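In: fold the following for me, if possible:
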Amino acid sequence: MEKEVLIILGSPNSPSGKLSAISISRLNYCANRYQKGNLILCTGGWGAHFNTSKNSHASIAKQFLIKKGLLEEDFLDFALSGNTVDDAVKIKPIISKLGKVKLTIITSDYHLKRVELIFNEILEGYTMDFIGVKSHLEQEVYNTLVQHEKKAINSILKNGLYY
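Out: Numbers count the residues shown, from 1 in each chain. The predicted structure is shown next:
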């Protein structure tokens with residue numbers, strides 16, 4: 001039976017390392033989905049747009065999940081990425097050592113289409129499920145994020161992916 005790898009894509013945290021509501025919604029989904037024997041892969045290094053703390057976003061996410069009862073031995077190496085394309089690129093060498101696995105990529109609802117587009121190209125050949133967790137943001141903030149995603153998707157469709 002193939003192992004399931006739960007991949008939580010990085011999202012914002014404060015300069016002091018406090019996780020954003022977006023991050024917490026993704027991590028809570030992971031914690032609720034997790035079963036002993038699943039593997040966990042946290043993404044996110046540092047970047048002006050999501051993490052300026054001294055710790056990588058992935059390490060902050062892992063600590064949150066361990067406090068929720070996930071087992072240390074089920075965590076894979078971090079993908080210390082700076083954006084969504086970088087997530088997929090840095091995940092690939094980590095999962096390529098595992099043999100046949102099923103990937104469950106956990107992101108937010110507004111981000112789902114772009115993640116599918118990127119991951120289906122970079123991680124072609126893997127069995128993948130994509131989860132877009134409801135983000136519970138104020139409508140204005142949500143609309144801004146949706147607009148950003150539409151522009152990013154259009155850019156990928158027009159120019160292709162660079163990695």
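
In: strands of this structure, start to end?
Out: Ranges of strands in the chain, per DSSP state E, are 3-8, 39-42, 101-108, 127-133.

In: now do the end-to-end distance for stretch 101-121.
Out: By CA to CA, to the nearest Å, the extent of stretch 101-121 from end to end equals 17 Å.

In: re earlier: export the strands of the chain as TSV, with columns for distance to F119, mean neighbour count and mean pLDDT.
Out: Bear in mind the C-beta positions are built from the backbone N, C-alpha and C, glycine included. Below are the strands of the chain laid out as TSV (distance: least, CB to CB, whole Å; neighbours: other CB atoms under 10 Å; pLDDT from 0 to 100):
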stretch	distance to F119	mean neighbour count	mean pLDDT
strand 3-8	9	23	97
strand 39-42	13	24	98
strand 101-108	6	21	98
strand 127-133	6	16	98
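
In: what is the burial count for L112?
Out: 16 (other CB atoms under 10 Å).

In: what residues are up against it?
Out: Taking CB atoms under 8 Å, 6 or more residues apart in numbering as the contact definition, L112 lies against F130, I131, G132.

In: relative to S53, how far out is it?
Out: 26 Å (CB to CB, to the nearest Å).
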